[in-house]
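# Kindly return the folded structure for what I paste below:
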Amino acid sequence: MQAEPPVQNADAAPPAAAASSAAVLALTGAPSGLVRRTLTAVLSEHSVLLLAATYFLAVWALTPDVATPRNLRNLFLNLLPLLAVAVGQTVVMISGGIDLSATSIIAACSVIAATVMTETSGARTVPLPGMVPWAILAALAAGAAMGSFNGAAVGALGMPPFIATLGSMMVVSGGVLWWTKSKNVAGLPESFVGLLAGEWLGVPSAAWVVAALAVAIHLLLSRTLWGYWLYATGHNPRASLVSGVPVRRITAAAYAVSGFCAAVAALLYTARLESGSPVMGREILLDVIGATVIGGTSLFGGKGRLTWTVCGVLLFALIDNSLNLMGLEYYTIWTVKGLVILGAAALDLLRARVLAGA
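Residues are numbered from 1 along each chain as shown. Next comes the predicted model:
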């Protein structure tokens with residue numbers, strides 16, 4: 001028997017939500033049934049995808065370069081590692097937590113993979129033959145291990161997720177910088193670069209990797225008992241514990257999945273840049289969290305889907321790409337990103353209230 005994720009906040013609407021929805025209906029002066037159907041369609045779970053399409057068309061009119069084949073390819077390649085990290089972040093947020101250490105795990109796994117498949121010869125770094133599979137396995141295992149450490153701190157010790165992952169981020173980042181002396185590890189084997197930065201059947205290899213990862217996690221969330229337990233844990237951990245759900249193990253596993261996904265992103269970034277970097281991914285933490293929240297995953301747990309996350313990553317990557325094409329200043333880009341995140345939170349709140357009132 002296949003377990004489905006429990007329905008979230010569909011019937012548990014507070015009085016304020018019903019009042020807000022009634023006020024919206026009263027102000028429109030249109031038949032309530034028609035208004036409800038219209039608002040439900042506009043504020044549906046696919047609204048982020050519609051918003052991304054609308055934004056693309058608007059930017060296309062202002063900056064035609066955004067629709068060139070070269071830019072679209074760059075946009076696609078840039079969002080793939082971001083999506084891999086966001087997949088893991090989605091799992092953690094569904095459990096009711098947050099993972100601030102994802103970017104430091106990316107840097108650590110990048111350096112680990114690069115170190116395993118290379119050796120220093122004098123002043124040069126040269127590739128080691130036959131070490132690519134071992135480097136990939138070492139990076140994935142290290143990512144899962146660091147994620148499990150976070151999970152143990154949050155699940156077994158009961159530490160707040162923000163503090164546990166923030167401390168982990170600082171320790172791992174400092175350790176990697178010390179280990180590498182703040183230097184990149186270059187000289188990677190061509191076989192590794194071609195494997196993850198090349199193409200297969202005319203499609204970038206990174207796309208196959210991220211698609212396989214996303215499908216596997218989607219099936220894990222929607223077709224297994226573990227996925228049902230994860231949603232239940234995020235929705236109400238106390239009730240889940242009383243009902244026999246292994247809340248601590250579920251929480252620990254969620255962070256292990258996040259660490260594994262971060263390691264996948266690290267391999268993709270390393271192959272694309274052809275070097276391991278101790279500061280790799282440092283700039284994308286807010287992008288990952290923002291894209292996940294924009295997609296509709298709740299910061300309070302118990303709500304989220306990978307299809308929503310894909311839409312959120314697409315919108316966020318499109319905004320970042322278009323603002324850079326416009327030549328805007330760095331602080332302007334960050335301001336716009338912050339406004340987008342606030343707007344997405346407001347949209348999600350309005351959608352919940354309208355659907356609850358309906």
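# what's the closest non-adjacent residue to Ile217?
Excluding the flanking residues, the one nearest Ile217 by CB to CB, 6 or more residues apart in numbering is Val87, at 5.4 Å. C-beta coordinates here come from the backbone N, C-alpha and C atoms, glycine included.
# I meant to write Asn184 there.
Ser275 (4.5 Å).
# before we move on, what about Thr180?
Pro278 (4.5 Å).
# all strands of the stretch 201-350 of the chain, in order?
Assigned by DSSP state E, counting those that start in this stretch, the stretch 201-350 of the chain shows strands spanning 203-204.
# pretty sure the residue nearest to Asn184 contacts Leu188?
Yes - using CB atoms under 8 Å, Ser275 is in contact with Leu188, at 6.6 Å.
# re earlier: can you give me the neighbour number for the residue nearest to Thr180?
Using other CB atoms under 10 Å, Pro278 has 23 neighbouring residues.
# same question, the one 10 residues further on
Residues within reach of Val288, counting by other CB under 10 Å, total 31.
# what about it, distance to Ala263?
Counting by CB to CB, to the nearest Å, the gap from Val288 to Ala263 is 14 Å.
# Okay, now the unreliable bits of the chain?
Residue ranges of the chain with pLDDT under 70: 1-46, 121-123, 344-345, 347-348, 351-352, 354-358.
# tell me the contacts of the residue nearest the centre of it?
For the chain, Ala86 is the residue whose C-alpha lies nearest the centre (CA atoms, centre = their mean; 0.8 Å). For Ala86, the contact set (CB atoms under 8 Å, 6 or more residues apart in numbering) comprises 288, 291-292, 295, 309, 312-313.
# If we use 10 Å, what do you get?
Counting by CB atoms under 10 Å, 6 or more residues apart in numbering, Ala86 makes contact with 79, 93, 102, 214, 261, 265, 284, 287-292, 294-295, 297, 306, 309-310, 312-313, 316.
# repeat for Leu213
So Leu213 contacts 83-84, 87-88, 260-261, 264-265, 306 (CB under 10 Å, 6+ apart).
# can you count the residues close to the residue lying closest to Ile319 once chain neighbours are set aside?
Spatial nearest neighbour of Ile319, excluding adjacent residues (CB to CB, 6+ apart): Val340 at 6.1 Å. Val340: 20 surrounding residues under other CB under 10 Å.
# surely Val340 meets Ala317?
No - with contact defined as CB atoms under 10 Å, Val340 does not count as touching Ala317 (11.8 Å).
# which residues do these two both contact?
In contact with both Val340 and Ala317: Ala291, using CB under 10 Å, 6+ apart.
# Please name the residues that touch the residue nearest to Thr180.
By CB under 10 Å, 6+ apart, the contact set of Pro278 is 104, 107-108, 110-111, 173-185.
# Quick check, Ala144 in contact with Ala138.
No - Ala144 lies out of contact with Ala138 (CB under 10 Å); the separation is 11.1 Å.
# From Thr120, how far off is Ala114?
Between Ala114 and Thr120 the computed distance is 12 Å (CB to CB).
# Contact partners for the residue nearest to Asn184?
110-111, 114, 118, 125, 183-188, 193, 269.
# List phi and psi for it.
phi -170, psi 150 (degrees, to the nearest 10).
# quick one: it from Ala114, how far?
Distance from Ser275 to Ala114, by CB to CB: 7 Å.
# list residues touching both of these two?
125, 184-188.
# Redo those residues as TSV? Include distance to Gly155, secondary structure and neighbour count.
Converted to TSV, the shared contacts of Ser275 and Ala114 look like this (distance: CB to CB, whole Å; DSSP: H, G, I helix; E, B strand; the rest coil; neighbours: other CB atoms under 10 Å):
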residue	distance to Gly155	secondary structure	neighbour count
Thr125	39	strand	19
Asn184	35	coil	18
Val185	33	strand	23
Ala186	38	coil	16
Gly187	40	coil	19
Leu188	36	coil	23
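# sorry, back to before: from Leu72, how far out is the residue nearest to Ile217?
Val87 sits 22 Å away from Leu72, taking CB to CB as the criterion.
# Just want to know which of those two has more residues nearby.
Neighbour totals were compared for Val87 and Leu72, and Val87 leads with 28 against 13 (other CB under 10 Å).
# who touches that one in this structure?
Applying CB under 10 Å, 6+ apart, the residues contacting Val87 are 210, 213-214, 216-218, 257-258, 260-262, 264-265, 288, 292, 306, 309-310, 313.
# Tell me where the stretch 251-358 of the chain has helices.
285-294, 306-325, 330-357 (DSSP state H, counting those that start in this stretch).
# Could you say which of those is packed most deeply?
Highest mean neighbour count among the helices of the stretch 251-358 of the chain (mean count of other CB atoms under 10 Å): helix 285-294, with a mean of 24.
# among the helices of the stretch 251-358 of the chain, which is nearest Gly130?
If you check each of the helices of the stretch 251-358 of the chain against Gly130 by CB to CB, helix 285-294 wins as the nearest, at 33.8 Å.
# Fine by me, we can end here.
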